[in-house]
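# sequence first, then the predicted structure, then my questions.
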Amino acid sequence: MDKNAKIYIAGHRGMVGSAIHRKLQNEGFTNFVTRTSDQIDLRDQQQVKDFFELEKPDYVFLAAAKVGGIVANNTYRAEFLYDNLQIQNNVIHNAYLNGVKKLMFLGSSCIYPKLAPQPLKEDYLLTGPLEPTNEPYAIAKIAGIKMCDAYRDQYGCNFISVMPTNLYGYNDNYHPQNSHVLPALIRRFHEAKEQNLPEVVIWGSGSPKREFLFADDLAEACFYLMQNYNEPGLVNIGTGEDISIKDLALLVKNITGFEGGITFDTTKPDGTPRKLMDVTKLHNQGWKHKIELEEGIALAYSDFLNKYINA
Ligand SMILES: NC(=O)C1=CN([C@@H]2O[C@H](COP(=O)(O)OP(=O)(O)OC[C@H]3O[C@@H](n4cnc5c(N)ncnc54)[C@H](OP(=O)(O)O)[C@@H]3O)[C@@H](O)[C@H]2O)C=CC1
Ligand SMILES: C[C@H]1O[C@H](OP(=O)(O)OP(=O)(O)OC[C@H]2O[C@@H](n3cnc4c(=O)[nH]c(N)nc43)[C@H](O)[C@@H]2O)[C@@H](O)[C@@H](O)C1=O
């Protein structure tokens, strides 16, 4: 990408899109095209067609999606399937029609089978049944990967797919029910400390294991791969390290300074027992994460305090 290239970041206000935007600005890029969901509903075929014909971006980062944690995925199953299929179909197809030089599609580690061997290698895709709580979202993301590959095969488009692990960072969603685990715990432990509550409730058994990557690290990887990776299929983006939800809760408890206890609500779903990325392909491409979990949680906690508590 040359520094004057016109870059469309779909979802530039979200956690990932805003991190990619910051990274590109820091690298000296200035020619951005952005639209909020109020300005363009990416589910709408005509609006997306008109937008691409008007703007004709050179590069596209597709970081707009209907996103949420385990309960949101399981509750809004129709929206997670419909919205995500619509958004990615419209953006990918119009990128092809308007001669976009390269597009990056962001998937998710939930595309892998629920009980796939660990760590998750890229070639485990479509080798077994998915985790039921996020099957609609995963099906949409798998369709996105296959669409990029099909457009490469039939039309020669340089469209690539990356699969990030669970993410957290600046501009995360702290909704008490709909967010992912890390922002949910940051908020719940903070509020429990402020209200002198005796304990914090953790969803599920605490035994599932997850891998977490700071969104600014993800943005670095996306920038790196956008310049250096031009293959079909998918590439995992993660740290290659995981932690149990119970240990994660203890880490957040320490960072927020909460002094009470923790209990587990086993009426809430555990989801996939383990989701650890095999990052050999990414490391072989020449990229490795920088921000470790404890440091990243402290950064996310201070962002939460600045935006929601001290604002
Ligand atoms: N968060 C995570 O843990 C993970 C995320 N990912 C993937 O990364 C990508 C970004 O996720 P993340 O940044 O966390 O999500 P966010 O919810 O923070 O941001 C999503 C963005 O998508 C935009 N968007 C949603 N619906 C529409 C629509 N109908 N029309 C136009 N824009 C829309 C929103 O725009 P606006 O702000 O203008 O409303 C928002 O900025 C997604 O593809 C997600 O699947 C992958 C793995 C893990
Ligand atoms: C990124 C990924 O995110 C989703 O999958 P998930 O990995 O299961 O994500 P999660 O962050 O919501 O939960 C992780 C674990 O943590 C436990 N947990 C404890 N306490 C809270 C809690 O308070 N909130 C949440 N959300 N989870 C909690 C929870 O029970 C689960 O065992 C996908 O649907 C899909 O969207 C996707 O791709």
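Here it is on my side, so go on. Ligands and ions are numbered 1, 2, ... in the order given.
# can you say which helix or strand has the residue lying closest to Tyr155 once chain neighbours are set aside in it?
Using C-beta to C-beta, 6 or more residues apart in numbering and skipping residues adjacent in sequence, the residue nearest Tyr155 is Tyr96, 5.7 Å away. All C-beta spots, glycine's among them, are computed from the backbone N, C-alpha and C. Using DSSP states H and E, Tyr96 maps to helix 77-97.
# from the contact counts, what lies against that helix?
Where contact means 3 or more C-beta pairs under 8 Å, 6 or more residues apart in numbering; DSSP states H and E, helix 77-97 is packed against helix 45-55, strand 59-62, strand 102-106, helix 135-155, strand 159-164.
# tell me the buried residues in that helix?
Under the neighbour-count criterion of 16 or more other C-beta atoms under 10 Å, helix 77-97 has 77, 79-81, 83-96 buried.
# also stretch 190-208?
Across stretch 190-208, burial judged by 16+ other C-beta under 10 Å covers 190, 192-193, 200, 202-206, 208.
# stretch 24-43 now?
For stretch 24-43, the neighbour count (16+ other C-beta under 10 Å) marks 24, 29, 33, 35, 40, 42-43 as buried.
# how about that stretch against ligand 1, any contact?
Yes - applying C-beta under 6 Å from any ligand atom, one finds stretch 24-43 in contact with ligand 1 at 36-37, 40-43.
# contacting residues around whatever residue of the stretch 1-150 of the chain ends up closest to ligand 2?
At 2.8 Å from ligand 2, Gly69 is the closest residue in the stretch 1-150 of the chain, using C-beta to the nearest ligand atom. Neighbour list for Gly69: 178-181, 184 [criterion: C-beta atoms under 8 Å, 6 or more residues apart in numbering].
# likewise Tyr301?
Applying C-beta under 8 Å, 6+ apart, we find Tyr301 in contact with 186, 190, 255-256.
# do the same with Met1
Counted by C-beta under 8 Å, 6+ apart, Met1 has contacts 7, 29, 58-59, 102, 226-227.
# how close does it get to Ala64?
Met1 is 20 Å from Ala64, where distance means C-beta to C-beta, to the nearest Å.
# now Leu42. Nearest residue, chain neighbours left out?
Using C-beta to C-beta, 6+ apart, the nearest residue to Leu42 is Ile87, at 4.3 Å.
# now, which of the residues of stretch 24-43 next to ligand 1 sits nearest Gly260?
Taking C-beta to C-beta as the measure, Ser37 is the one of the residues of stretch 24-43 next to ligand 1 closest to Gly260, at 38.6 Å.
# which of the buried residues of stretch 190-208 sits closest to Glu294?
Glu294 has its nearest neighbour among those in His190, at 16.5 Å by C-beta to C-beta.
# is ligand 2 contacted by the host helix or strand of the closest one?
Taking DSSP H and E as the criterion, His190 maps to helix 181-194. Yes - for a cut-off given as C-beta under 6 Å from any ligand atom, helix 181-194 has contacts with ligand 2, namely 181, 184-185.
# test my guess that His74 contacts Asn134.
Careful, residue 74 is Asn; it's not His. Yes - with contact defined as C-beta atoms under 8 Å, Asn74 counts as touching Asn134 (7.2 Å).
# and the two? Which one has more around it.
Taking neighbours as other C-beta atoms under 10 Å, Asn74 and Asn134 compare with Asn134 leading, 25 against 19.
# give me the nearest residue to the residue of the chain found nearest ligand 1, chain neighbours excluded.
For the chain and ligand 1, the shortest gap (C-beta to the nearest ligand atom) falls at Gly14, measuring 2.1 Å. Among residues not flanking Gly14 along the chain, Ala63 sits closest, at 6.2 Å (C-beta to C-beta, 6+ apart).
# picking that back up, mind listing which of the buried residues of stretch 190-208 are in helices?
Those of those mapping onto helices are 190, 192-193, per DSSP state H.
# using TSV, please lay out the residues you listed together with distance to Cys148.
What follows is these, written out as TSV (distance: C-beta to C-beta, whole Å):
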residue	distance to Cys148
His190	39
Ala192	43
Lys193	44
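# so the closest residue in space to Val279 that isn't next to it in sequence: helix, strand or coil?
Leaving aside its chain neighbours, Val279 sits nearest to Gly240 (4.3 Å; criterion: C-beta to C-beta, 6+ apart). Three-state call for Gly240 (DSSP: H, G, I helix; E, B strand; the rest coil): coil.
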